[in-house]
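Engineer: okay, here's the prediction I keep looking at, along with the sequence it came from:
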Amino acid sequence: MTTRSAFRMFRVVVVALFVAPAAFAQAPPDGGFSLPLNCTLDRDCWIINLPDAGIGDKALDHQCGFRTYNRHEGTDVAIRDFRAVDEGADVLASAPGLVTAARDGTDEHYLHDDQTRKLTSVRACGNSVILQHDDGWESYYCHMRKGSVAVKLGQRVVRGERLGLVGMSGRTQFPHVHVEFRHRGTNLNPFTGQPVEAGCKAPVRQSLWHPEAKVSYPSFALYAAGFLDHPPTKQRIWSSARSPVSMPRHAPSLVLWASMFGTQRGDVLKLRILDPGGTAVAVREVRMSHVQARAMAFVRRQLTPSGWAEGRWLGEATLERFVDGQTVSRKIVVPLIIR
């Protein structure tokens, strides 16, 4: 989402300060910014979109990769699915600070069409919080759940204090927190310490992330896989990326699906359904044709006249990428009991 206009409407007063180039190299507050979610990266949360460092309409991240989209000004940290929203995912203060703006009460939209896009265009950031830190630093947090904002204007918070919960308010198509870090009015890329608009491959001045956050440039992620008895829609998987423990032996189909973040052209997804004897009864290989922030694919085997063999079945999903002469892979093995 483009946050520039949204934040201008969010904050009534905007103070413009001239900052000499050397000021950008000033160290971030309290040793750096922590992850803005109560989660473990690449286990139950994932960095999806980075700031757009491209020039004009060409969207490129700071490494000249495609983990961004046009005019995106922050870093998006996503959770697994809408069930994770229901369970509650805490948005946390990335550093000690003072609450200078807090907005709650903005409606959430889980399905997006022309009408909802009109509704969210004014408040693209949704339910939001801005923190002021020492030495002219600020952090911004967007898309929180309606009614969950837990801080008030003028309140002081410590690092890791809960600001609210991840939701679907504002202009967002998946549950995540959008975070931005600014120094004296300039929006900085937290991976480089450079202004967001500095262009890709600009020299890294310093990471703004706290060392304990263990944040690095995001790789592709095979974040979930599972079984269903019917072909899934993307909306079904994004609503609940979970797999049943068991299915009946006369289920109409066995469908193995897999969901991914950050795929690019040439990535290969391999899917296999294995019966209790270890025989592959369904196999599919999917080669990605273009860059996608999120992707989903599945393989299906329809019910045989004799029904499914009882016992322990397995689903194997493997995502592969060829990098610098080597194959990098991610794999998930999903068990399923047929009764």
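Structural biologist: Now that the structure is in, tell me what you want to look at.

Engineer: which SSE is the residue nearest to the spatial centre of the chain in?
Structural biologist: For the chain, the residue nearest the mean C-alpha position is Ala78 (2.6 Å; C-alpha atoms, centre = their mean). Using DSSP states H and E, the element containing Ala78 is strand 75-79.

Engineer: on contacts alone, who are the packing partners of that strand?
Structural biologist: strand 45-47, strand 176-183 (3 or more C-beta pairs under 8 Å, 6 or more residues apart in numbering; DSSP states H and E). The way it works is simple: take the backbone N, C-alpha and C, and place the C-beta from them, glycine included.

Engineer: those strands: which one's closest to Gly311?
Structural biologist: Of all the helices and strands packed on strand 75-79, the one in closest proximity to Gly311, counting by C-beta to C-beta, is strand 45-47 (33.5 Å).

Engineer: what sits up against the closest one?
Structural biologist: For strand 45-47, contacts defined as C-beta atoms under 8 Å, 6 or more residues apart in numbering pick out 35, 37, 39, 41, 67, 75-80, 89, 215, 218, 221, 223, 261-262.

Engineer: circling back: so which of the helices and strands packed on strand 75-79 comes closest to Gly154?
Structural biologist: Gly154 lies closest, by C-beta to C-beta, to one member of those: strand 176-183, at 19.5 Å.

Engineer: who's in contact with the closest one?
Structural biologist: With contacts defined as C-beta under 8 Å, 6+ apart, strand 176-183 is touched by 1, 3, 19, 23-24, 26, 28, 33, 36-37, 48, 73-79, 91, 94, 125, 135-144, 166, 172, 187-188, 190, 208.

Engineer: strands paired with that strand, and their directions?
Structural biologist: Within its sheet, strand 176-183 is paired with strand 75-79 (antiparallel), strand 137-144 (antiparallel), strand 186-188 (antiparallel), according to DSSP bridges.

Engineer: any chance of those in JSON lines, plus distance to Arg272 and mean pLDDT?
Structural biologist: Formatted as JSON lines, the entries for the strands paired with strand 176-183 read as follows, by distance: least, C-beta to C-beta, whole Å; pLDDT from 0 to 100:
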{"stretch": "strand 75-79", "distance to Arg272": "27", "mean pLDDT": "97"}
{"stretch": "strand 137-144", "distance to Arg272": "36", "mean pLDDT": "98"}
{"stretch": "strand 186-188", "distance to Arg272": "45", "mean pLDDT": "96"}
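
Engineer: how about the ones you listed, which one is nearest Arg249?
Structural biologist: Each of the strands paired with strand 176-183 was checked against Arg249 via C-beta to C-beta, and the shortest separation belongs to strand 75-79, namely 34.4 Å.

Engineer: poorly predicted segments of the protein, please.
Structural biologist: Of all residues in the chain, those with pLDDT under 70 make up the ranges 1-25, 111-122.

Engineer: quick one, helices of it?
Structural biologist: Listed in chain order, the helices found in the chain under DSSP state H are 4-10, 82-87, 114-120, 234-239.

Engineer: what segments of the stretch 151-300 of the chain are strands?
Structural biologist: Listed from the start of the chain, the stretch 151-300 of the chain has strands (DSSP state E, counting those that start in this stretch) covering 156-157, 162-165, 176-183, 186-188, 221-228, 246-247, 253-263, 268-274, 280-287, 292-302.

Engineer: apologies, that question was intended for the stretch 1-150 of the chain.
Structural biologist: Shown for the stretch 1-150 of the chain, the strands assigned by DSSP E, counting those that start in this stretch span residues 45-47, 75-79, 90-92, 97-103, 127-132, 137-144.

Engineer: name the residues of the last one that are buried.
Structural biologist: What that stands for is strand 137-144. Buried residues in strand 137-144, counted by 16 or more other C-beta atoms under 10 Å: 137-144.

Engineer: ok, Val283 to Gly170 distance?
Structural biologist: When C-beta to C-beta, to the nearest Å is the yardstick, Val283 and Gly170 sit 41 Å from each other.

Engineer: more crowded one of the two?
Structural biologist: In this comparison of Val283 against Gly170, neighbours counted by other C-beta atoms under 10 Å, the higher total goes to Gly170 at 27 against 13.

Engineer: thought the more buried one was touching Arg123?
Structural biologist: Yes: under the criterion of C-beta atoms under 8 Å, Gly170 makes contact with Arg123 at 5.8 Å.

Engineer: rewinding a little: which of the buried residues of strand 137-144 sits closest to Ile237?
Structural biologist: For those, the minimum distance to Ile237 (C-beta to C-beta) is 19.9 Å, reached by His143.

Engineer: which non-adjacent residue is nearest Ser207?
Structural biologist: Ranked by C-beta to C-beta, 6 or more residues apart in numbering and with sequence neighbours excluded, the top spatial neighbour of Ser207 is Phe191, at 6.2 Å.

Engineer: for the closest residue to Arg156 other than its chain neighbours, give the beta-bridge partners.
Structural biologist: The shortest distance from Arg156 to any residue that is not its chain neighbour, by C-beta to C-beta, 6+ apart, is 5.5 Å, and that residue is Leu98. The partner list for Leu98 in beta bridges (DSSP bridges) reads Gln132, Arg156.

Engineer: who touches the residue nearest to the centre of the chain in this structure?
Structural biologist: Residues in contact with Ala78 (C-beta under 8 Å, 6+ apart) are 45-48, 174-176, 261.

Engineer: swap in Leu153?
Structural biologist: Applying C-beta under 8 Å, 6+ apart, we find Leu153 in contact with 99-102.
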